[in-house]
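Engineer: please work out how this folds:
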Amino acid sequence: MIGIVSMALSTLVHLITLPVEFDASYGKALPLLEKGEYLHDGDLKHAEKILKAAALTYVAASLTSLLNLGRWIAVLRR
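Structural biologist: Model (predicted):
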């Protein structure tokens, strides 16, 4: 039971931090790159793709955590 509660808390933390990570990529980093003129003219499009990929790694981690929790609950219910 302690293991399930621990995994559930970990999953909850992943889900709570998702909006924070998307805001960090799109709300903070992208405007900073635009206003600070850190990129060349054609590089902004590529920076958006990289920031999107970085944010999606957190989505993948959240889904993995959620699926792992569900799998363990299903195994223990048998």
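
Engineer: center of this protein - which residue?
Structural biologist: residue 58 (1.9 Å; Cα atoms, centre = their mean).

Engineer: need the contact list for that residue.
Structural biologist: By Cβ atoms under 8 Å, 6 or more residues apart in numbering, the contact set of residue 58 is 14, 17, 18, 21, 22. In short, each C-beta sits where N, CA and C put it, glycine included.

Engineer: and the first one, how far from residue 56?
Structural biologist: According to Cβ to Cβ, to the nearest Å, residue 14 and residue 56 sit 13 Å apart.

Engineer: out of those two, which sits in the busier spot?
Structural biologist: residue 14 (18 against 13; other Cβ atoms under 10 Å).

Engineer: so that one touches residue 61, yeah?
Structural biologist: Yes - using Cβ atoms under 8 Å, residue 14 makes contact with residue 61 at a distance of 5.8 Å.

Engineer: mind checking the SS state of residue 37?
Structural biologist: What DSSP: H, G, I helix; E, B strand; the rest coil gives for residue 37 is coil.

Engineer: burial measure for it, as a count.
Structural biologist: So residue 37, with other Cβ under 10 Å, has 7 neighbours.

Engineer: can you list contacts of stretch 16-35?
Structural biologist: With Cβ under 8 Å, 6+ apart, stretch 16-35 has contacts from 38, 39, 44, 47, 48, 51, 52, 54, 55, 58, 59, 62.

Engineer: quick check: buried residues in it?
Structural biologist: Neighbour counts using 16 or more other Cβ atoms under 10 Å place 21, 22, 24, 25, 29, 30, 33 of stretch 16-35 among the buried residues.
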